[in-house]
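# predicted model follows, preceded by the sequence.
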Amino acid sequence: MTHFPQLQTNYYSPLNISATIFDDTDYVDDVILAYRRYGQLSYTQTPYERHGRWRV
């Protein structure tokens, strides 16, 4: 997996998050993006969908 972290953003601005997942084993069934907003204790999870490539 290649991931480029977002280090800074402005409040109320859209945040682009991207990752590239390479599965050369064919064992990866699910990919989940987990994120939380500043100050929150719990994470929100969003599953990626596979359409040739993994996408949120």
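Alright, I've got the coordinates.

# list the buried residues of stretch 36-45.
Buried residues in stretch 36-45, counting neighbours by 16 or more other CB atoms under 10 Å, are absent. All C-beta atoms are positioned from the backbone trio N, CA, C, and that covers glycine.

# that one: end-to-end distance?
This stretch, stretch 36-45, spans 9 Å end to end (CA to CA, to the nearest Å).

# stretch 31-47 too?
End-to-end distance for stretch 31-47, by CA to CA: 6 Å.

# next one: it to chain centre, how far?
Stretch 31-47 has its C-alpha centroid displaced from the chain centroid by 9 Å (CA atoms, centre = their mean, to the nearest Å).

# stretch 6-20 too?
Per CA atoms, centre = their mean, the centroid offset for stretch 6-20 relative to its chain is 11 Å.

# and for residue 21, the neighbour number?
Counted with other CB atoms under 10 Å, residues neighbouring residue 21 total 14.

# repeat that for residue 33.
16.

# same check, this time on residue 9
Residues lying near residue 9 (other CB under 10 Å) number 10.

# mind checking how far the nearest residue to it once chain neighbours are set aside is from residue 28?
In this structure, residue 9 finds its nearest non-sequential neighbour in residue 15, 5.1 Å apart by CB to CB, 6 or more residues apart in numbering. Between residue 15 and residue 28 the distance is 25 Å, computed by CB to CB, to the nearest Å.

# ok, those two, which is more surrounded?
When residue 15 and residue 28 are compared for neighbours, residue 28 comes out ahead with 13 against 9, by other CB under 10 Å.

# mind checking the backbone torsions on the more buried one?
Dihedral pair for residue 28: phi -80, psi 120, per degrees, to the nearest 10.

# tell me the pLDDT of it.
If you check residue 28, the pLDDT there is 83.

# that one reaches residue 21, doesn't it?
Yes. With contact defined as CB atoms under 8 Å, residue 28 counts as touching residue 21 (7.0 Å).
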